[in-house]
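Asks: what shape does this take:
(one chain, ligands or ions: 1)
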Amino acid sequence: MTQKRASFGSKFGILMAAAGSAVGLGNIWRFPIETGQHGGAAFLLVYIAAIALLGIPLMVAEFFVGRNARTNAAHAYRKLSSHPVWRNIGFIGAISGSLILCYYVVVSGWVLKYFVVSLDGTLGGLFRPGDASGYESLFADFVSSSWSPLLYMALFVLMCHFTITAGVRQGIEKLSKIFMPALFVILIVLVGFSLFAPGAQEGLSFLFHPDFSKLTTRTVLSAIAQAFYSLSLCMGCLCTYASYFGKNVNLVNSALSISVIDTLVAIMAGLIVFPAVFSSGINLESGPSLAFIALPGAFHQAFSAVPWLSWLVSTLFYALLVLAALTSAISLYEVPTAYIHETWHIRRSRAALLVTVVCLLLGAVCSLSMGILGDIHLFGKTIFDFLDYFCTTIMMPLCGILIAIFVGWIVKRDVFLKEVNTFGPNPTDAAQAGRRWSTVILFLLRWVAPVLLLLAFLGVLGII
Ligand code: TRP
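Replies: Next up, the predicted model:
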């Protein structure tokens, strides 16, 4: 195909699109749950260390592969190596990323539903002080019913579909440039409200005063998994996006900015969730249902004196989740779409249609595994839980080890350094300034990431 390849239009657009991929349900839904279950501030510290030592180097590595190859994730690794192990990293990642998409859209559908029921006042109407049974049955009935979650999921998938078919610049970049600033505004407003909630003090000290006795191997493993998930690592998203970057983009700085934004958003989500949780005395370990059962009650409890304020806070919170989910889901969508478009030489809109159909079918199976397909178990887990476990706990660290070894040891040092140090109007000057950082990144990729990830992987498998 001699057709010119798509690219992002501006550096701001690149930052918003990549940060949009990173900032998602992982930050606002998963992070507070994980932090709550693993002891608060101690978990946060390990999480930040995982971002710095593993997340940023691997993000630079993925950016390097994508921009160097200028093609979809599966082909990018093939351009750099013909060895059967290394050439297939991208393909394995792309398949795993596509599987993540199939259950990500299910939870995104729930979020969309909760935005609607908050907006129309249903959530407010169910509030009874000290009694969450209304929220419990709303959630349980909704996820286990057949049609309603499928409908919301389909609606969400269609939103992704139309963004992707609009193209890289007109779809992904434009949407991210509008939605990400909107997300930050909502986030800041919500943090402002939340700091005045009655449980604010307790929430803050939970998040910022570490209790190191809570640190266990499990905490460390969960922090690494959360860091990878939150930064969208190893599943082809960042590699595919980087294939649309111009040569003037500073890969190390971009990785740094995206990681800082992502971590700040996670902390701010904690600042919103924990005060609400503490003010209403909810059990912090309530797990995945936190956002759908505990939080609606917590928001209404925290602002019970001013009903319109509790309506506003809860509606804004779910709007925030919808925006975050959408910008992340489209990055997962782009991986198989770019692959099919470039491999089968079919139009982008047809490739997207194919992804949409498969995603709807597999998404429906995941969704129904909470209800009528609940009896089907894979390795003792429902289909939904199995996919999440398989992709995030097995495939992510595995691909992380392979990417770190590949970029750190197999790719020629000069090729890596030249690509990473090429940016700005005068690449040679810039190369001098950036060289130090790129060697630090290379060191981490060679010596730190493979070892830590291998230990984490063996830990997950229960071998150590
Ligand atoms: N990072 C996103 C979040 O925090 C989810 C996501 C998007 C993702 N792309 C990914 C997770 C690739 C793993 C791999 O919600």
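Asks: count the residues that sit near the residue in the stretch 251-400 of the chain that the ligand sits nearest to.
Replies: Relative to the ligand, the nearest point of the stretch 251-400 of the chain is Ser328 (4.0 Å; CB to the nearest ligand atom). In this view, the C-beta of every residue, glycine as well, is placed from N, C-alpha and C. Using other CB atoms under 10 Å, Ser328 is surrounded by 26 other residues.
Asks: around the ligand, pick out the residues from the stretch 301-450 of the chain.
Replies: Taking CB under 6 Å from any ligand atom as the criterion, the stretch 301-450 of the chain approaches the ligand at residues Ser328, Ser331, Leu332.
Asks: quick one: the last one and Val451, what's the gap?
Replies: Computed with CB to CB, to the nearest Å, the distance linking Leu332 and Val451 is 29 Å.
Asks: the more surrounded of these two?
Replies: Neighbours around Leu332 and Val451, counted as other CB under 10 Å, are more numerous at Leu332. The numbers are 28 against 12.
Asks: three-state assignment of that one?
Replies: Here Leu332 is recorded as helix under DSSP: H, G, I helix; E, B strand; the rest coil.
Asks: can you pull the contacts of it?
Replies: Going by CB atoms under 8 Å, 6 or more residues apart in numbering, Leu332 touches Gly97, Ser98, Ile100, Leu101, Tyr104, Met235, Cys237.
Asks: find the residue closest to Ser21 in space, skipping its chain neighbours.
Replies: Distance criterion CB to CB, 6 or more residues apart in numbering; nearest residue to Ser21, sequence neighbours excluded, is Ser331 at 3.4 Å.
Asks: quick one: contacts for that neighbour?
Replies: Per CB under 8 Å, 6+ apart, neighbours of Ser331: Ala17, Gly20, Ser21, Ile172, Ser232, Cys237, Thr240, Tyr241.
Asks: any idea of the pLDDT on the third one?
Replies: Just to be clear, that refers to Ser21. pLDDT for Ser21: 98.
Asks: doesn't it lie inside a helix?
Replies: Yes - checked against three-state DSSP, Ser21 lies within a helix.
Asks: could you tell me how many residues sit around it?
Replies: 25.
Asks: if I look at the closest residue to Ile346 other than its chain neighbours, how far off is Ser146?
Replies: Using CB to CB, 6+ apart and skipping the chain neighbours, the partner closest in space to Ile346 is Ile340 (6.8 Å). Per CB to CB, Ile340 is found 30 Å from Ser146.
Asks: which non-adjacent residue is nearest Ala19?
Replies: Going by CB to CB, 6+ apart, Ala19 has Ile261 as its nearest residue, at 4.7 Å.
Asks: what about that neighbour, neighbour count?
Replies: Ile261: 20 surrounding residues under other CB under 10 Å.
Asks: give me the buried positions along the helix or strand hosting it.
Replies: If you go by DSSP states H and E, Ile261 is part of helix 251-279. For helix 251-279, the neighbour count (16 or more other CB atoms under 10 Å) marks 251-252, 254-256, 258-259, 261-263, 265-279 as buried.
Asks: what's the spacing between Ile14 and Leu238?
Replies: 11 Å.
Asks: my error: substitute Ser21 in the last question.
Replies: Distance, Ser21 to Leu238, using CB to CB: 7 Å.
Asks: so what sits against both of those two?
Replies: Residues touching both Ser21 and Leu238 (CB under 8 Å, 6+ apart): Ser232.
Asks: just to revisit the earlier point, so the residue nearest to Ile346 is in contact with Leu354, correct?
Replies: Yes - taking CB atoms under 8 Å as the contact criterion, Ile340 and Leu354 are neighbours in contact, 6.0 Å apart.
Asks: please identify which of the two sits among more neighbours.
Replies: A direct count of neighbours by other CB under 10 Å for Ile340 and Leu354 places Ile340 higher, at 20 against 15.
Asks: what's the spacing between the residue nearest to Ser21 and Lys381?
Replies: Plainly put, Ser331 is 26 Å away from Lys381 if you go by CB to CB.
Asks: where in the stretch 101-250 of the chain is pLDDT low?
Replies: Residue ranges of the stretch 101-250 of the chain with pLDDT under 70: none are present.
Asks: so which residues on it come close to the ligand?
Replies: Taking CB under 6 Å from any ligand atom, the part of the stretch 101-250 of the chain that reaches the ligand is made up of Tyr229, Ser230, Ser232, Met235, Cys237.
Asks: kindly recompute the last result at 8 Å.
Replies: Contact residues (CB under 8 Å from any ligand atom) of the stretch 101-250 of the chain with the ligand: Tyr104, Phe228, Tyr229, Ser230, Leu231, Ser232, Leu233, Cys234, Met235, Gly236, Cys237, Leu238.
Asks: now those residues as TSV including neighbour count and secondary structure?
Replies: Converted to TSV, these look like this (neighbours: other CB atoms under 10 Å; DSSP: H, G, I helix; E, B strand; the rest coil):
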residue	neighbour count	secondary structure
Tyr104	27	helix
Phe228	26	helix
Tyr229	25	helix
Ser230	27	helix
Leu231	29	coil
Ser232	28	coil
Leu233	25	coil
Cys234	32	coil
Met235	31	coil
Gly236	35	coil
Cys237	29	helix
Leu238	30	helix
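Asks: could you find the closest non-adjacent residue to Ser10?
Replies: Per CB to CB, 6+ apart, closest to Ser10 is Glu173, 7.9 Å.
Asks: from Ser145, how far off is His377?
Replies: Using CB to CB, His377 is found at 21 Å from Ser145.
Asks: okay, these two: which has more neighbours?
Replies: Between His377 and Ser145, Ser145 has the larger neighbour count (other CB under 10 Å), namely 15 against 12.
Asks: and the more buried one, backbone torsions?
Replies: The phi/psi pair for Ser145 (degrees, to the nearest 10) reads phi -80, psi 160.
Asks: quick one: contacts for the residue nearest to it when sequence neighbours are not counted?
Replies: Nearest non-adjacent residue to Ser145, counting by CB to CB, 6+ apart: Gly371, 6.4 Å away. The contact partners of Gly371, taken as CB under 8 Å, 6+ apart, are Val143, Ser144, Ser145, Ser146.
Asks: Gly371 in helix, strand or coil?
Replies: Secondary structure assignment for Gly371 (three-state DSSP): coil.
Asks: look at Ala291 and report its pLDDT.
Replies: Ala291 is assigned 85 on the pLDDT scale.
Asks: how many other residues sit next to it?
Replies: Ala291: 24 surrounding residues under other CB under 10 Å.
Asks: go ahead and confirm it touches Asn27.
Replies: No - counting by CB under 8 Å, Ala291 does not reach Asn27; the two are 11.9 Å apart.
Asks: and the residue nearest the centre of the chain, how far from Asp385?
Replies: Centroid-nearest residue in the chain, with CA atoms, centre = their mean: Ser230, separated by 4.1 Å. According to CB to CB, Ser230 stands 19 Å off from Asp385.
Asks: and the residue nearest to Ser145, how far from Asn68?
Replies: 46 Å.
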